[in-house]
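Asker: Sequence and predicted structure, then a few things I'm wondering about:
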2 protein chains.
Amino acid sequence: MATLLSTSEVEQALATLADWTQDGKELVKEFSFKQYLDGVAFASRLGQAAEAANHHPDMIIGWRRVTVRISTHSAGGLTAFDFALAQRAEELAAP
Amino acid sequence: MATLLSTSEVEQALATLADWTQDGKELVKEFSFKQYLDGVAFASRLGQAAEAANHHPDMIIGWRRVTVRISTHSAGGLTAFDFALAQRAEELAAP
């Protein structure tokens, strides 16, 4: 099910997302928040969504920012699941 | 207020905490959880406590684990505030 995307497929998918970048086998974005607890709440919401999708990102919670790193470890790279979760993160980070 | 602890003070304080280590200017511990969402909930609780104390750790949420990194950046190293927050993290991680 988790088919690795080709380089051109990754490029096409990245073009649909704001400020996400590819870092090796991961999709990465640093989200900024006005309040520290806004970031904490975002990580909690994304964690719930990740569990529901059984696809878990790494989330680094810092001072008014949360960095999200997404990859399909079982496939050894980026798949459609990663872009679906990145899109979900965008929705959940919206004010 | 945030006085840097001496090397011996750090060693004494570390001895009172289970499985915390010093990594340069930071206190670090990786907490493990039975369920992914247990880790997410722990990070949320610790985030609330951090905001209340106005002392914010970095928290890296992974698959059934949360790594906590604590430092007093304004002091350039470890202070009593860091050990107080580490102790609070211990309480909040208890099942």
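Answerer: Perfect, I can see it now.

Asker: Tell me which residue is most central in chain A.
Answerer: Nearest to the geometric centre of chain A sits A:Ala86, at 3.7 Å (CA atoms, centre = their mean).

Asker: tell me what the helix or strand that one falls within is packed against?
Answerer: Here A:Ala86 sits within helix A:80-93, counting by DSSP states H and E. Helix A:80-93 is packed against strand A:26-32, helix A:36-53, strand A:65-70, with contacts defined by 3 or more CB pairs under 8 Å, 6 or more residues apart in numbering or on different chains; DSSP states H and E. Where you see a C-beta, it was placed from the backbone N, CA and C, and this is true even at glycine.

Asker: contacting residues for the residue nearest to the centre of chain A?
Answerer: Residues in contact with A:Ala86, defined by CB atoms under 8 Å, 6 or more residues apart in numbering or on different chains, are A:17, A:20, A:27, A:29, A:68, A:70.

Asker: Which of the residues you listed sits closest to chain B?
Answerer: A:Val68 (9.8 Å; CB to the nearest CB).

Asker: how deep is the residue lying closest to A:Arg69 once chain neighbours are set aside tucked in, by neighbour count?
Answerer: Among residues not flanking A:Arg69 along the chain, A:Asp58 sits closest, at 4.3 Å (CB to CB, 6 or more residues apart in numbering or on different chains). Neighbourhood size, A:Asp58 [other CB atoms under 10 Å in any protein chain shown]: 16.

Asker: One more: A:Ile60?
Answerer: 20.

Asker: what does A:Gln35 give?
Answerer: So A:Gln35, with other CB under 10 Å, has 10 neighbours.

Asker: do A:Gln48 as well
Answerer: 14.

Asker: shouldn't it be in contact with B:Ser44?
Answerer: No: with contacts defined as CB atoms under 8 Å, A:Gln48 does not count as touching B:Ser44, sitting 10.6 Å away.

Asker: what residues does chain A put near chain B?
Answerer: Within reach of chain B by CB under 8 Å from any CB of the partner chain, chain A has these residues: A:36-37, A:40-41, A:43-44, A:47-48, A:50-51, A:56, A:58-63.

Asker: Only the buried subset of the residues you listed, as a PyMOL command please.
Answerer: Buried members of the residues of chain A next to chain B, defined by 16 or more other CB atoms under 10 Å in any protein chain shown, are picked up in PyMOL with:
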select buried, chain A and resi 36+40+41+43+44+47+50+56+58+59+60+61+62
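
Asker: And the pLDDT for the nearest residue in space to A:Gln87 that is not next to it in sequence?
Answerer: Distance criterion CB to CB, 6+ apart; nearest residue to A:Gln87, sequence neighbours excluded, is A:Leu17 at 7.0 Å. We have a pLDDT of 96 for A:Leu17.

Asker: For the residue with the largest distance to the centre of chain A, which residues are in contact?
Answerer: Relative to the C-alpha centroid of chain A, counting by CA atoms, centre = their mean, A:Gln35 is the outermost residue, at 20.4 Å. For A:Gln35, the contact set (CB under 8 Å, 6+ apart) comprises A:Arg64.
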